[in-house]
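Q: Dropping the sequence and predicted coords here.
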Amino acid sequence: MNVCDRDGDDLSNGLEDVPVLCEELVFPIFQYCPDNVQGPGCTVDPSEVVLPGCTCLSHSCCTENCSCLRTYGRAYGGTGALLDLNRTQHGYSSPVFECNALCTCSDACSNRVVQRGLQLRLEVFSTRDRGWGARTLEKIPRGTFVCEYAGEVISFEEARRRQLAQRSEENNYIIAVREHAGTGSVTETFVDPAQVGNVGRFLNHSCLPNLFMLPVRVHSVIPRLALFAGRDIEAQEELTFDYSGGYTNRGPAEKMSTQSDAAAQASRTDGVQRKACRCGANSCTHFLPLDLSVLS
């Protein structure tokens with residue numbers, strides 16, 4: 001078991017620029033890693049730099065001259081602090097590519113955000129009825145990058161094997177992200193932080209979350225699963241996201257069951273135990289999202 005003491009221990013063991021604080025808790029054994037790592041079935045090393053870089057010599061890239069921004073568009077504001085939320089307001093987003101290790105621009109370029117890693121003071125704590133959770137110790141403005149959901153990048157087959165082997169009392173950490181790029185073109189990424197992961201593994205699901213997930217590519221074709229603030233978040237507020245990938249401040253994502261439908265469903269689906277949702281939202285669907293495509 002991993003032990004974290006209340007007197008200021010850093011859960012990341014110095015791997016993050018900002019310490020990840022925690023209450024006096026005993027955690028399950030896992031290896032803290034701030035970035036994605038190559039797992040079983042993954043044919044690409046997420047740490048390998050394969051994307052081309054720009055040739056900008058300025059302190060911060062501008063759209064007129066930067067090949068990265070001309071190709072993919074500007075994702076962040078001029079200071080690089082906030083995400084352009086217009087990318088996600090219609091339920092889908094245009095690709096986000098940051099300048100990378102092969103770019104000649106400054107490390108302070110405004111198109112470098114997710115790659116800088118954790119910059120906020122977060123704390124892992126024990127919730128009343130949902131196990132561990134993560135909260136912010138400072139205010140977070142809407143559109144701010146908060147943290148990654150980092151872990152082992154695995155294949156579909158390995159994700160299926162792990163989920164089928166899981167016991168009912170165990171947590172399922174696997175996130176499946178599907179990106180659609182034109183007719184019939186779908187890219188799938190499976191990330192599992194159960195054994196190797198970062199602070200993102202402690203984030204709970206909510207049917208009315210304050211974070212949303214967006215794939216962001218930096219050095220590799222494998223995206224980083226970046227979590228951004230969907231609204232202003234107060235200090236001491238728990239950080240949550242919708243495990244199904246949706247985000248709205250008005251209710252659960254459309255891809256999830258409605259409250260009445262979920263209440264009528266059996267707690268088991270295709271032989272897999274569905275876990276109860278205890279997010280407390282008025283529009284709660286009663287069950288955590290379940291991706292049956294991994295089990296097909």
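A: Right, received. Where do you want to start? Residues are numbered from 1 along each chain as shown.
Q: can I assume residue 130 is in contact with residue 204?
A: Yes. Using CB atoms under 8 Å, residue 130 is in contact with residue 204, at 5.3 Å. For every residue, glycine as well, the C-beta is placed using N, CA and C.
Q: Give me the common contacts of the two.
A: Residues touching both residue 130 and residue 204 (CB atoms under 8 Å, 6 or more residues apart in numbering): residue 279.
Q: Looking at those two now, which is surrounded by more residues?
A: residue 204 (20 against 17; other CB atoms under 10 Å).
Q: where are the low-confidence patches of this structure?
A: Within the chain, the ranges that satisfy pLDDT under 70 run 1-8, 25, 78-80, 87-93, 182, 247-273, 292-296.
Q: Against the centre of it, work out the most remote residue.
A: Ranked by distance from the centre of the chain (CA atoms, centre = their mean), the top residue is residue 57, with 31.6 Å.
Q: what sits against that one?
A: 104-105.
Q: repeat that with 7 Å
A: residue 104 (CB atoms under 7 Å, 6 or more residues apart in numbering).
Q: Also the one 10 residues further on?
A: Contacts for residue 67 (CB under 7 Å, 6+ apart) come out as residue 54.
Q: Residue 119 sits in which helix or strand?
A: According to DSSP states H and E, residue 119 maps onto no helix or strand at all.
Q: how many other residues sit next to it?
A: Neighbours of residue 119 (other CB under 10 Å): 14.
Q: so what's it closest to, chain neighbours aside?
A: residue 18 (6.1 Å; CB to CB, 6 or more residues apart in numbering).
Q: Run a quick neighbour tally on the one you found.
A: Neighbours of residue 18 (other CB under 10 Å): 15.
Q: For stretch 97-111, measure first residue to last.
A: Between the opening and closing residues of stretch 97-111 there is a gap of 8 Å (CA to CA, to the nearest Å).
Q: Quick check, residue 102 in contact with residue 52.
A: Yes. Taking contacts as CB atoms under 7 Å, residue 102 lies within contact range of residue 52: 6.4 Å.
Q: Give the bridge partners for the residue nearest to residue 223 when sequence neighbours are not counted, please.
A: Closest residue to residue 223 apart from its sequence neighbours, by CB to CB, 6+ apart: residue 215 at 3.4 Å. With DSSP bridges as the criterion, residue 215 is bridged to residue 225.
Q: How far does stretch 30-38 sit from its chain's centre?
A: 13 Å (CA atoms, centre = their mean, to the nearest Å).
Q: cool, stretch 196-207 as well?
A: With CA atoms, centre = their mean as the basis, the mean position of stretch 196-207 lies at 8 Å from the chain mean.
Q: Flag every buried residue along it.
A: 196-207 (16 or more other CB atoms under 10 Å).
Q: ditto for stretch 60-76
A: Buried residues in stretch 60-76 (16+ other CB under 10 Å): 60-62, 66, 68-69, 72, 74-76.
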